[in-house]
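Undergrad: Here's my sequence, what's the structure:
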Amino acid sequence: MVLANRSSPAIVGVAGLAFLAGRWREAPRALPALLSAPVRTPLGLAALAFLGWALLSMAWSPFPSLSLRVLGEFLPTLLAAYLLVCLAPGRIPAFVPALACASLAAAGLFIAVDLALDLPVERLLGHRVAGFVFNRPALTLDLVAGPLALVLWRRSLRAASLATLAFAALGILRSISGAAAMGLIAGLAMAVLGRVLPRRGAMGLAGLGLGLAVALAPVEGDLLARIMPEAAHAQLTQSSSRARVAIARSFGAAVAASPWLGAGFGTSARFAEAPVAGRVAPEMRVLLGVGHPHNSFLQVWAELGLPGAFLACLVLMLMLARLGSLPAADFAVALGLVACAAAIAFVEHNGWAAWWTAGLGAAITWAREARSRPPVTDLPA
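TA: As a prediction, the model looks like this:
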């Protein structure tokens, strides 16, 4: 999934179907209850309401074929990830975590070495020779490393656990992805805070961050344009910070022009052609054609409007409430994963991208695997 990230949906799909077949053979009568139990919880119902609103919004999408195409990429991967998260934990063979550690370490090392040598492998294979080809792999390392490290630690493979984190960090920091570095920093910081702060304090801090990410998304561009100094832009030239601020301002203006319903699910790719774009000032309209807002929270606002943003925030808060019942080490790693994913989502790719959905599904699967068996040992306090 790291090195062939465009294949991530297929990998997660095959894995999900394999575990589905195994569970069906093991206990077919128990399978419906196993798969339906999560969606009968408040969190599951809120998630279904969000997906339902997204589907309903296709009724007013100006580009129905585009919306269907985006849905056709997102929904099957989401279902595959759901199967994997529900069915794989507790059934992953004992040798697989160590193999995953070796694979992840090799991936992180390959990213670092290939970039240091100016991408000789890409030249040899005739692929695109550009540093950003490893951005998505670095982001996948971001998501998977922490939960996998916890699984290895729980199985007394402490050297492998630390190697997982070290080689993932090597690949992430050597890549040119500012979003991956930001996700690594946010994830590590939140995991540490989740371990040292009182549980309610850590949850409150995480909830405040997620709530602000949703609430401030429509005005993110204007806020950054006012408070971000030129020195910061100069340091972030490689991350195109000026362009990102301008894009956020343009999509924020579109949200202000149509805050209630949004343009419809999956319309970001052709947002400049949507009717709402005509109500945006001409100087702000150009960057609506970049493909997506580079902020998943802002994308929800632009496509699904206020109801979508409210339901997304509700899902996030209910998710945090569920995390509050986890054991201490699992709680810290889960909060780290939430912070990492939120930091990336705030500055990065299309929120409905299948590779991103697959990466999240894999990370959550490993996090649940850590709890599926009695721990041999736990993380130090």
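Undergrad: okay, CA-based contacts and neighbour counts for the rest of this
TA: OK.
Undergrad: residues contacting residue 96?
TA: If you count contacts by Cα atoms under 8 Å, 6 or more residues apart in numbering, residue 96 has none.
Undergrad: Which pLDDT value belongs to it?
TA: Note for residue 96: predicted pLDDT of 94.
Undergrad: next one: the one 10 residues further on
TA: Turning to residue 106, the model gives it a pLDDT of 94.
Undergrad: Can you get me a residue count around the residue lying closest to it once chain neighbours are set aside?
TA: Distances taken as Cα to Cα, 6 or more residues apart in numbering put residue 167 closest to residue 106, at 7.9 Å, once the chain neighbours are dropped. When neighbours are defined as other Cα atoms under 10 Å, residue 167 has 24 of them.
Undergrad: And residue 167, how far from residue 141?
TA: Going from residue 167 to residue 141 by Cα to Cα, to the nearest Å gives 9 Å.
Undergrad: Common neighbours of the two, please.
TA: By Cα under 8 Å, 6+ apart, the residues touching both residue 167 and residue 141 are 104, 108.
Undergrad: which non-adjacent residue is nearest residue 199?
TA: Closest to residue 199 by Cα to Cα, 6+ apart is residue 324, at 7.3 Å.
Undergrad: I'd like to know how far that neighbour sits from residue 334.
TA: Counting by Cα to Cα - residue 324 and residue 334 are separated by 10 Å.
Undergrad: Looking at those two, which is more packed in?
TA: Remark: of residue 324 and residue 334, residue 334 carries more neighbours, 26 against 17, as counted by other Cα under 10 Å.
Undergrad: Could you report the distance from the residue nearest to residue 199 to residue 207?
TA: Taken as Cα to Cα, the span from residue 324 to residue 207 is 12 Å.
Undergrad: Likewise for residue 214?
TA: 11 Å.
Undergrad: Mind checking what secondary structure the nearest residue to residue 188 once chain neighbours are set aside has?
TA: When the adjacent residues along the chain are set aside, residue 188 lies closest to residue 336, with 6.0 Å between them (Cα to Cα, 6+ apart). Under the three-state scheme (DSSP: H, G, I helix; E, B strand; the rest coil), residue 336 adopts helix.
Undergrad: returning to that earlier point: quick one: the residue nearest to residue 199 and residue 331 touch, right?
TA: Yes - assessed by Cα atoms under 8 Å, residue 324 is found in contact with residue 331 at 6.9 Å.
Undergrad: re the thing from before, in this structure the residue nearest to residue 188 contacts residue 183, no?
TA: No - if you go by Cα under 8 Å, residue 336 and residue 183 don't touch, sitting 9.3 Å apart.
Undergrad: Using PDB, list the CA coordinates for stretch 134-154.
TA: Output of stretch 134-154 as PDB, limited to C-alpha atoms (Å, rounded to 0.1, in the frame of the first residue of the first chain):
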ATOM      1  CA  PHE A 134       6.400   9.700  -2.500                       C
ATOM      2  CA  ASN A 135       4.000  12.100  -0.900                       C
ATOM      3  CA  ARG A 136       1.100   9.600  -0.700                       C
ATOM      4  CA  PRO A 137       3.400   6.700   0.500                       C
ATOM      5  CA  ALA A 138       4.700   9.000   3.200                       C
ATOM      6  CA  LEU A 139       1.100   9.900   4.300                       C
ATOM      7  CA  THR A 140       0.300   6.100   4.400                       C
ATOM      8  CA  LEU A 141       3.300   5.500   6.600                       C
ATOM      9  CA  ASP A 142       2.000   8.300   8.800                       C
ATOM     10  CA  LEU A 143      -1.300   6.500   9.400                       C
ATOM     11  CA  VAL A 144      -0.200   2.900   9.800                       C
ATOM     12  CA  ALA A 145       3.100   3.200  11.800                       C
ATOM     13  CA  GLY A 146       1.600   4.000  15.300                       C
ATOM     14  CA  PRO A 147      -1.000   1.300  15.400                       C
ATOM     15  CA  LEU A 148       1.300  -1.300  14.000                       C
ATOM     16  CA  ALA A 149       4.000  -0.300  16.500                       C
ATOM     17  CA  LEU A 150       1.500  -0.900  19.400                       C
ATOM     18  CA  VAL A 151       0.700  -4.400  18.100                       C
ATOM     19  CA  LEU A 152       4.300  -5.300  18.000                       C
ATOM     20  CA  TRP A 153       5.000  -3.800  21.500                       C
ATOM     21  CA  ARG A 154       2.100  -5.800  22.900                       C
END
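Undergrad: How much space separates the nearest residue to residue 298 once chain neighbours are set aside from residue 304?
TA: Spatial nearest neighbour of residue 298, chain neighbours left out: residue 217 (5.0 Å); criterion: Cα to Cα, 6+ apart. For residue 217, the distance to residue 304 equals 13 Å [Cα to Cα].
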